[in-house]
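J.: The following block contains a protein sequence and its predicted model.
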Amino acid sequence: MVMDLYGLFVENVAGGFWAAVLLLAVVMFIILILGNVSPYSAIWFEYMFLLAMAIGYGNALVSVTMSIIIISIFLFQLKAFMDRGSGAG
């Protein structure tokens with residue numbers, strides 16, 4: 001019998017969907033760090049990856065919580081950018 005990638009990676013290697021997601025996130029983080037991406041950017045890539053996986057899996061509690069955190073951090077950064085201004089004047 002030919003095994004598909006889902007059966008091989010998720011069921012046999014990782015043992016479950018969320019374990020496979022975390023394993024992929026760790027591998028992706030290592031690749032990003034070795035590719036000279038800043039740790040701050042790598043963590044945001046990981047956060048967006050986990051959000052996409054939570055939305056795709058249908059886990060509303062995780063996806064809503066992560067979305068609220070992302071939007072609030074974006075708004076705080078936007079406010080900080082507006083407070084800095086252009087410096088001209």
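T.: Thanks, I have it. Worth saying up front: this structure is predicted, and the values here are computed from it rather than measured.
J.: drop to CA atoms for contacts and neighbour counts, all remaining ones
T.: Will do.
J.: biggest helix in this protein by residues?
T.: Determined from DSSP state H, the single longest helix within the chain is helix 60-84.
J.: what residues does that one touch?
T.: With CA atoms under 8 Å, 6 or more residues apart in numbering as the test, helix 60-84 has contacts from 51-52, 54-55.
J.: now, which of those residues sits nearest Gly16?
T.: Of all those, Gly16 sits closest to Ala54, with 14.0 Å by CA to CA.
J.: now for the helix or strand hosting the closest one, which elements pack on it?
T.: When elements are assigned from DSSP states H and E, Ala54 belongs to helix 39-57. Based on contacts counted as 3 or more CA pairs under 8 Å, 6 or more residues apart in numbering; DSSP states H and E, the elements that helix 39-57 packs against are helix 17-34, helix 60-84.
J.: Same list (those helices) but as CSV, adding distance to Val10 and mean neighbour count.
T.: Converted to CSV, these look like this (distance: least, CA to CA, whole Å; neighbours: other CA atoms under 10 Å):
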stretch, distance to Val10, mean neighbour count
helix 17-34, 5, 15
helix 60-84, 20, 12
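J.: weakest of those helices in terms of mean pLDDT?
T.: Least confident of the helices and strands packed on helix 39-57, judged by mean pLDDT, is helix 60-84 with a mean of 85.
J.: now that helix: how far from the chain's centre is it?
T.: In this view, helix 60-84 has its centroid 14 Å away from the chain centroid, taken as CA atoms, centre = their mean, to the nearest Å.
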